[in-house]
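In: 3D, please:
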Amino acid sequence: MASEVTLKTEAPPRDELKRVRMSYEQYLEWADEDVHAEWVDGEVIIQMPPRNFHQVLIGFLHELLDLFVRLSNLGIVQIAPFEMRLSDGNAWEPDILVLLRENLPRLSEERLEGPADLVIEIVSRSSVAHDRDRKFRAYEAGGVRECWLIDSRPNRQRADFYRLDEQGNFRLFGTEDDERINSVVLPGFWFKPAWLWAAETPEPLTAFFEMAGISSDMAAEVRSALQKGLRPPEV
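Out: Alright, predicted model coming up:
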């Protein structure tokens, strides 16, 4: 790291994010690619270490989206930590973001300048207010076209899916009670919220095959071939 910034030494309560004030320039010097933190209104917000289920959800959704987006040649899927800088000047780090091909010119090695087309936040115990209020409002004002908020806290099975309307406001278009969610910005992409809280999270490839209308028998043949290092059968 180019310079050091003294952080608070006292351990914060588990349900609070750790914060320290610094300029954006100091933040850029202090943070490296392994730091999961955001710069908001002159304050660095350091994310608490995630729990296992939080990471399971991110891994599943990232792999499923990445399969669809890459095979459809629609753009890119990125996971945190990666900076998305909106018109408010703040440096946000969505858990997952999707950027369509027509917006790739706004992407650099360091950050995305402007809104992603889709952002996903996996809400944890330490980030409830931050994700559901502060980040939600920033994404809405910043022009993010679609936003998913998925709760990873124990014994919570809540998911809210929003799209930006013509007036620039987020409107709820789906919840965990829906049998399936159809993405607004990714035509043809859908998934079942029930997958998120299944006793055993489905393999992303299996979920992708179901989305694509490929039979479970064929999916099993492809998966078996891949596991053995063989050429999979044509689907």
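
In: how about the helices in this protein?
Out: In the chain, the helices defined using DSSP state H lie at 24-30, 52-71, 128-129, 136-142, 204-211, 216-227.

In: want to throw the ones you listed into CSV with distance to P94, mean neighbour count and mean pLDDT?
Out: To be clear about C-beta, it is placed using only N, CA and C from the backbone, and glycine gets the same treatment. CSV is the format used below for the helices of the chain (distance: least, C-beta to C-beta, whole Å; neighbours: other C-beta atoms under 10 Å; pLDDT from 0 to 100):
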stretch, distance to P94, mean neighbour count, mean pLDDT
helix 24-30, 17, 16, 77
helix 52-71, 11, 18, 93
helix 128-129, 16, 14, 77
helix 136-142, 8, 18, 95
helix 204-211, 19, 18, 88
helix 216-227, 30, 13, 71
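
In: tell me which of the ones you listed sits nearest to W92.
Out: Closest to W92 of the helices of the chain, according to C-beta to C-beta: helix 136-142, at 6.4 Å.

In: can you report how many residues lie near P105?
Out: Counted with other C-beta atoms under 10 Å, the neighbours of P105 add up to 8.

In: so where's the chain uncertain?
Out: 1-17, 32-36, 48-50, 126, 219, 222-223, 225-226, 228-235 (pLDDT under 70).

In: who does the residue minimising distance to the centre of the chain form a beta bridge with?
Out: Centroid check for the chain by C-alpha atoms, centre = their mean gives I96 as the closest residue, at 2.0 Å. Note on I96: beta-bridge partners by DSSP bridges are I79, I120.

In: for it, what are its contacts?
Out: For I96, the contact set (C-beta atoms under 8 Å, 6 or more residues apart in numbering) comprises 58, 61-62, 65, 77-80, 119-120.

In: thinking again about what came up before, include distance to P193 when you put the helices of the chain into CSV, please.
Out: Compiled in CSV, those are given as follows (distance: least, C-beta to C-beta, whole Å):
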stretch, distance to P193
helix 24-30, 35
helix 52-71, 11
helix 128-129, 19
helix 136-142, 19
helix 204-211, 12
helix 216-227, 20
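
In: what's the local residue count around E203?
Out: For E203, using other C-beta under 10 Å, the count is 14.

In: what about it, distance to L100?
Out: Distance, E203 to L100, by C-beta to C-beta, to the nearest Å: 26 Å.

In: for D88, same thing?
Out: Taking C-beta to C-beta, one finds D88 at 22 Å from L100.

In: okay, those two: which has more neighbours?
Out: Ranked by neighbour count (other C-beta under 10 Å), D88 and L100 place L100 first, with 16 against 13.

In: contact partners for the nearest residue to that one once chain neighbours are set aside?
Out: Excluding the flanking residues, the one nearest L100 by C-beta to C-beta, 6 or more residues apart in numbering is G75, at 4.2 Å. Contacts for G75 (C-beta under 8 Å, 6+ apart) come out as 69, 98-101, 103-104, 117.
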